[in-house]
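Colleague: The amino acid sequence is not available; the structure is as follows:
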């Protein structure tokens, strides 16, 4: 449920790393910096620039360099990551489907492609094979198990691994750098650069740094750099600011007849537990308490709990942001879930060592925009390749990175003397070259298992929204066991009609239709107040820097006149970092928390 405020807040880059800045500043030692024709900023040309150092972006970078090596035509590749290091903005812990990772590693020439051994040797992180897989329905004080034979095949975890996704991205980053990918961590893409006529993307510009919260240039001020590319690949993750701008500018949802994107919020903790409680390879997912108390409840969400070697429990709660009750507090629902016997028994005697949260794409197949535009394309969660039913997206993200790299490489190395036209050879982008739209990427994705997987469960989220958790489970079972995506109907109203244009915020009902929810106080052992957990999140911002969250000027009055008055200020509850609060009925944004 995006509240009214969720539709008016613009997210800006979170972190900047001055050590990384020196890397770009000193990059003239190995790559010529030139003045941009469109501004006073310096520019750096590449064959391919990738925005985002998650699984999709790194997979595309690695695959491009694999192809460069095997085909003897080298493409220069630059990857920009807003976190101060690769993996800094990736939450640890998930059940990982290795299908795409195995495919990526089969192209490795210098090793046997065993990514699990590479992860252990380079990151001291164990990929734990799933050994026990349970799906529970929780009541307030009890539980019952759904037999695996009755579950959709997409919910089975045979052959999957419990991993630290943060450590996996660090491993992929190491591989990419070894292959010659230039990775600049600590830099956020702040601006999409277009051709003079605005018809194509030609790169991005990094954010100016050294600016005070009042907007004044400090002694540490440095102007951003333009990273120019023949193809720019956007792999920012869910609701990335540049990706959303491009989707809007090029009407990519309308071009593909897609519904609006829908979102969920995932909240997670990592615990160290005593050895006698550890169950190697145990996986548990649940529905019911605390989000649903009857089969008619329409709150879309559930929980997960995984045991990863050597003695970690990775646990969390996911809730769809299209819930109706504005008094729901996702963070407090997560804390309440931990007190249930089915959860508490795994955590008692342990220590919480990490906390984090992230937004998830949940629109699936119906919400996929057109994937390409002149000069670039959308990868991973920037496009929306997350399977909400399977509760997995990393495998789809990696596959999209592989497919994107192969399509881009083929396009940029096609034709006579292609090797002499690369930026690696020329040191610049030829002014005669047009910014191509590599539509072959979309064609290849449509033929991949990613689209098959998403299409099979395309109506399941909407079934939960229409009929509640009971009807949603029945429909999901029908779709997965019998229909297999072949049903000729579409549950969401197509785009262009009222339902297809409804954002999550439209589901929010006025506060006077509900009673405030009284959540129990934290005990400091099993449950924690938000500020305590934020200290475990690794979030850091300079005190004297501009806020990365701003209210759009045309809706500046919405927080006080609509959100607070009609919906009892849901933004003070839905944010898992306590960013929003009201002081004397005025909204205050605590940007340093996020």
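Modeller: Noted; the coordinates are in hand. Since the structure is predicted, the reported quantities are computational estimates derived from the model, not experimental observations.
Colleague: so where is this structure shaky, pLDDT-wise?
Modeller: Under the criterion pLDDT under 70, the flagged ranges of the chain are 1-39, 92, 110-112, 492-501, 539-544, 591-594.
Colleague: Kindly confirm my reading that residue 467 is in a helix.
Modeller: Yes. Checked against DSSP: H, G, I helix; E, B strand; the rest coil, residue 467 lies within a helix.
Colleague: Chain neighbours aside, what residue packs nearest to the most centrally placed residue in the chain?
Modeller: For the chain, residue 237 is the residue whose C-alpha lies nearest the centre (CA atoms, centre = their mean; 3.5 Å). Residue nearest to residue 237 in three dimensions, not counting chain neighbours: residue 381, with 4.7 Å by CB to CB, 6 or more residues apart in numbering. Quick note: C-beta positions are derived from backbone N, CA and C, even for glycine.
Colleague: Look up how far residue 297 lies from that neighbour.
Modeller: Taking CB to CB, to the nearest Å as the measure, residue 381 falls 27 Å from residue 297.
Colleague: Who has more neighbours out of the two?
Modeller: For residue 381 versus residue 297, neighbours defined as other CB atoms under 10 Å are more numerous around residue 381 (29 against 18).
Colleague: My guess is that one contacts residue 361. True?
Modeller: Yes. Shown here, residue 381 and residue 361 form a contact pair, counting by CB atoms under 8 Å, at 5.3 Å.
Colleague: Now list whatever residues contact both of those two.
Modeller: Residues touching both residue 381 and residue 361 (CB atoms under 8 Å, 6 or more residues apart in numbering) are 238, 393.
Colleague: what's the residue nearest to the centre of the chain in contact with, if anything?
Modeller: For residue 237, the contacting residues are 52, 54, 358, 380-382, by CB under 8 Å, 6+ apart.
Colleague: The residue nearest to residue 237 is in what secondary structure piece?
Modeller: Using DSSP states H and E, residue 381 sits in helix 380-383.
Colleague: helices or strands next to that helix in the packing?
Modeller: The criterion is 3 or more CB pairs under 8 Å, 6 or more residues apart in numbering; DSSP states H and E, and the helices and strands that helix 380-383 contacts are helix 55-71, helix 394-412.
Colleague: quick one: contacts of that helix?
Modeller: For helix 380-383, the surrounding residues in contact (CB under 8 Å, 6+ apart) are 52, 54-57, 234-238, 240, 243, 360-361, 368-369, 371, 393, 396-397, 400-401.
Colleague: Swap in 7 Å and give it another go.
Modeller: Contacts with helix 380-383, where a contact means CB atoms under 7 Å, 6 or more residues apart in numbering, come from 54-56, 234-238, 240, 243, 361, 368-369, 371, 393, 397, 400-401.
Colleague: quick revisit: and which of the contacts of residue 237 is nearest residue 490?
Modeller: Checking the contacts of residue 237 against residue 490 by CB to CB gives residue 381 as the nearest, at 22.5 Å.
Colleague: Check the gap between that closest one and residue 392 for me.
Modeller: Remark: distance between residue 381 and residue 392 (CB to CB) = 12 Å.
Colleague: How about residue 240?
Modeller: 20 Å.
Colleague: quick one: which of those two has more around it?
Modeller: When neighbours are counted by other CB under 10 Å, residue 240 and residue 392 differ, and residue 240 comes out ahead with 23 against 20.
Colleague: mind listing what that one touches?
Modeller: 234, 382.
Colleague: mind checking the backbone torsions on it?
Modeller: Reported as degrees, to the nearest 10, the phi and psi values for residue 240 are phi -60, psi 140.
Colleague: before we move on, which element is the residue nearest to residue 329 when sequence neighbours are not counted in?
Modeller: Counting by CB to CB, 6+ apart, the nearest residue to residue 329 once its immediate chain neighbours are dropped is residue 573, at 4.0 Å. Mapping residue 573 onto the secondary structure by DSSP H and E places it in helix 571-574.
Colleague: tell me what that helix is packed against?
Modeller: Helices and strands in packing contact with helix 571-574 are listed as strand 580-583; criterion 3 or more CB pairs under 7 Å, 6 or more residues apart in numbering; DSSP states H and E.
Colleague: Kind regards, and thank you for your time.
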